[in-house]
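Trainee: dropping the sequence and predicted coords here.
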Amino acid sequence: MEKTALTNSKYPKIVTDLASQNYFLKIISYSSLGIITLMLLLLIYSVKRGPEVIALETSGDVARIETKITDLQIQTAAREYLKYRYTWDSQTVAAQIQKSQAFIQSNLLLSFQKSMLEVQKFVKDKKVVQRVYPQKIEVDFKNKVITVIADRITEFESLKAATALKVKLNFDLDDRTPMNPWGVYFTKEIEGGE
């Protein structure tokens, strides 16, 4: 009897080694692709979020931010409203009135817009220029009323007039916005009075 030795071919072992190496390459490639995708999403989120401002005390500690609104903040909001509502010319009246709407309570916005249509028409027809310089702003927190006394300078045609402007503004506090960072919204405006 003749004995023959069977020898396994080396070919299947090489194919098996290559297949396992290919499998590990696929795993590494997919993992890398997943990590890159996650990093891109994180980068996009970070860019869209914008910078975060952290207030610091002079000692270097994180400052405690007060959310309580003070008289000074309300006076500043009233000053800003007056700048938009009462300072304009025939070219800028529409834009200024649009900016002043940021200080009007949302449920009163439609009536404010309707009342300002006549003002805009008059200013454009007569080419009126008006500037207001607040002299005194008093805040009554109890009744939620701001009393403003200002100098008003009005020009149309070749005439100039300087008059006193007295305005009472009833206000409410609500959410802060980029156009109204004080959160002061006016609910009623009375020009003139006692």
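Mentor: Right, received. Where do you want to start? Quick caveat, the model's predicted, so the values are computed rather than measured.

Trainee: just for the chain, where's the confidence low?
Mentor: 1-11, 15, 65-67, 193-194 (pLDDT under 70).

Trainee: and the protein, what are its domains?
Mentor: 9-48, 71-191 (automatic domain parsing).

Trainee: which among those is found nearest to residue 58?
Mentor: Checking these against residue 58 by C-beta to C-beta gives domain 71-191 as the closest, at 20.8 Å. For glycine as for every other residue, the C-beta is placed from the backbone atoms N, C-alpha and C.

Trainee: centroid residue for this structure?
Mentor: residue 178 (2.6 Å; C-alpha atoms, centre = their mean).

Trainee: among the domains of the chain, which is nearest residue 61?
Mentor: domain 71-191 (23.8 Å).

Trainee: which ones are touching the closest residue to residue 122 other than its chain neighbours?
Mentor: In space, and not counting its chain neighbours, residue 122 is closest to residue 128: 6.9 Å by C-beta to C-beta, 6 or more residues apart in numbering. Going by C-beta atoms under 8 Å, 6 or more residues apart in numbering, residue 128 touches 89-90, 122, 154-156.

Trainee: how far is the helix ranked longest in the chain from where the chain is centred?
Mentor: For the chain, the longest helix by residue count, based on DSSP state H, is helix 11-49. Remark: helix 11-49 is offset 41 Å from the chain centroid, using C-alpha atoms, centre = their mean, to the nearest Å.
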